[in-house]
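In: I'd like to go over a predicted model; first the sequence, then the structure.
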Amino acid sequence: MKIAILGAGNMGLSFSKSFLKYELIKPENLHLITRNEAKISKISEEFPNSKISTFDDVKELDSDLIIIAVKPQDFQYLSENFPFQLNQSQMVLSIMAGIKIEKIQKLLNHPLVVRAMPNSPTLLGMGITGYTSAQGISFSQLISIERLLNSTGRSVYLENEELLDGVTALSGSGPAYFYYIVDAMIKAGIEMGIDENLSKLFVQQTMLGAYHLINNSDKNLEELIHDVASKGGTTEAALKTFNENNLKEILKNGILDAEKRAKELNG
Ligand SMILES: NC(=O)c1ccc[n+]([C@@H]2O[C@H](COP(=O)([O-])OP(=O)(O)OC[C@H]3O[C@@H](n4cnc5c(N)ncnc54)[C@H](OP(=O)(O)O)[C@@H]3O)[C@@H](O)[C@H]2O)c1
């Protein structure tokens, strides 16, 4: 299989690394396309045996799969300046937030589009990707794309494209929410006089341990919270402040706003 990646940024490169790591493609069959000529030399250091071009210099696109990994805001320009008519056997995989399959099909004048929403832990092979596909993509084509996605973590096929905006808000943006909470906890540690490096250690190991308890316990989240928060104790004091300030509601509203933004990006 030959793969071209339009937009060799964070996601494009982390996908590329996973495909090569699991030997799903040969390096010489990978074509990385950037916007900025200045980035080529750095990318070639990491991908010495792959083809690397700038968008303006691409004269042909003979790949079986074209992955679109530019920002949603850059897609209009890309499609208006896209000099190729893709053929019947080529497939497009978009990982852009918010841009619907129908719009991609229209702007690229090509029916075979799969839309996926990964997240940043794909870099470590620990991502999760929700994806859906246009009519006309065969089962075997879909399986070959799923195999690629699974090299970056787990993947889940969704029948209903509308849900991808929710996936974008939940797992696509999710790592940032987690970092935000971790950051608040580390800062609280510092304010209480704990050195920054120690505060980081306490918080990060707490998150890791708590994650594994969620995964390995028969108890639900409420019960797990209850186990830590004894009556009249310290955890209860923290939870009281969170609840009085509607922290859960605020977090939920933020996530719903992310979904709204994903819907707006389709334009
Ligand atoms: N980051 C995440 O966690 C995440 C999660 C899920 C989905 N996504 C989606 O993944 C996509 C990429 O995100 P990212 O975080 O990887 O962004 P990024 O690091 O900014 O990568 C996008 C790359 O596309 C390049 N580009 C823009 N226009 C181009 C063109 N016409 N031809 C070739 N390259 C072009 C940009 O070049 P310049 O360097 O010149 O700007 C940049 O290197 C977005 O659509 C986003 O919605 C991201």
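Out: Yes, it's here.

In: could you use CA atoms for every contact and neighbour count after this?
Out: Noted.

In: for the strand or helix carrying residue 223, output the C-alpha coordinates as CSV.
Out: Counting by DSSP states H and E, the element that carries residue 223 is helix 221-228. Extracted as CSV, the C-alpha positions of helix 221-228 are listed here (Å, rounded to 0.1, in the frame of the first residue of the first chain):
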residue,chain,number,x,y,z
LEU,A,221,-17.1,5.8,39.9
GLU,A,222,-19.4,6.9,42.7
GLU,A,223,-18.4,4.0,44.9
LEU,A,224,-14.7,4.6,44.2
ILE,A,225,-15.2,8.3,45.2
HIS,A,226,-17.1,7.2,48.3
ASP,A,227,-14.2,4.9,49.3
VAL,A,228,-11.8,7.8,49.4
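
In: buried ones in the helix or strand following that helix, by neighbour count?
Out: Next along the chain after helix 221-228, taking DSSP H and E as the criterion, comes helix 234-244. Across helix 234-244, burial judged by 16 or more other Cα atoms under 10 Å covers residue 236.

In: what does stretch 139-152 give?
Out: Buried-residue list, stretch 139-152, by 16+ other Cα under 10 Å: 142, 145-146, 148-152.

In: mind putting the residues you listed in JSON lines, distance to residue 118 and secondary structure included?
Out: Formatted as JSON lines, these follow (distance: Cα to Cα, whole Å; DSSP: H, G, I helix; E, B strand; the rest coil):
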{"residue": "142", "distance to residue 118": "16", "secondary structure": "helix"}
{"residue": "145", "distance to residue 118": "13", "secondary structure": "helix"}
{"residue": "146", "distance to residue 118": "12", "secondary structure": "helix"}
{"residue": "148", "distance to residue 118": "12", "secondary structure": "helix"}
{"residue": "149", "distance to residue 118": "8", "secondary structure": "helix"}
{"residue": "150", "distance to residue 118": "10", "secondary structure": "helix"}
{"residue": "151", "distance to residue 118": "12", "secondary structure": "coil"}
{"residue": "152", "distance to residue 118": "9", "secondary structure": "coil"}
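
In: could I get those as CSV with distance to the ligand and pLDDT?
Out: Formatted as CSV, the buried residues of stretch 139-152 follow (distance: Cα to the nearest ligand atom, whole Å; pLDDT from 0 to 100):
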residue, distance to the ligand, pLDDT
142, 19, 95
145, 16, 97
146, 16, 97
148, 15, 97
149, 12, 97
150, 15, 97
151, 15, 96
152, 12, 96
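
In: now distance to residue 169 too, for the residues you listed, in TSV please.
Out: Shown next, in TSV, are the buried residues of stretch 139-152 (distance: Cα to Cα, whole Å):
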residue	distance to residue 169
142	24
145	23
146	21
148	23
149	19
150	21
151	22
152	19
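
In: determine which two of those residues are furthest apart.
Out: With Cα to Cα as the measure, no two of the buried residues of stretch 139-152 lie farther apart than 142 and 152, at 15.9 Å.

In: doesn't residue 98 fall inside a strand?
Out: No: going by DSSP: H, G, I helix; E, B strand; the rest coil, the assignment for residue 98 is coil, not a strand.

In: residues in contact with it?
Out: Contact analysis of residue 98 by Cα atoms under 8 Å, 6 or more residues apart in numbering lists 72, 164-165, 168, 261-266.

In: residue 66 and residue 91 touch, don't they?
Out: Yes: Residue 66 is within contact range of residue 91, at 6.3 Å (criterion: Cα atoms under 8 Å).

In: where do the helices sit along the stretch 151-267 of the chain?
Out: Secondary structure of the stretch 151-267 of the chain (DSSP state H, counting those that start in this stretch): helices at 163-167, 174-191, 196-216, 221-228, 234-244, 247-265.

In: and the average pLDDT for the second one is what?
Out: Averaging pLDDT along helix 174-191 yields 98.

In: against which helices or strands is it packed?
Out: If you count contacts as 3 or more Cα pairs under 8 Å, 6 or more residues apart in numbering; DSSP states H and E, helix 174-191 packs onto helix 196-216.

In: quick check: mean pLDDT of the helix it packs on?
Out: 97.

In: ok now that helix, how far from the chain's centre?
Out: Put simply, helix 196-216 sits 23 Å off its chain's centre (Cα atoms, centre = their mean, to the nearest Å).

In: that older thread, how about TSV for the contacts of residue 98, with neighbour count added?
Out: Shown next, in TSV, are the contacts of residue 98 (neighbours: other Cα atoms under 10 Å):
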residue	neighbour count
72	18
164	27
165	25
168	26
261	16
262	23
263	19
264	12
265	15
266	17
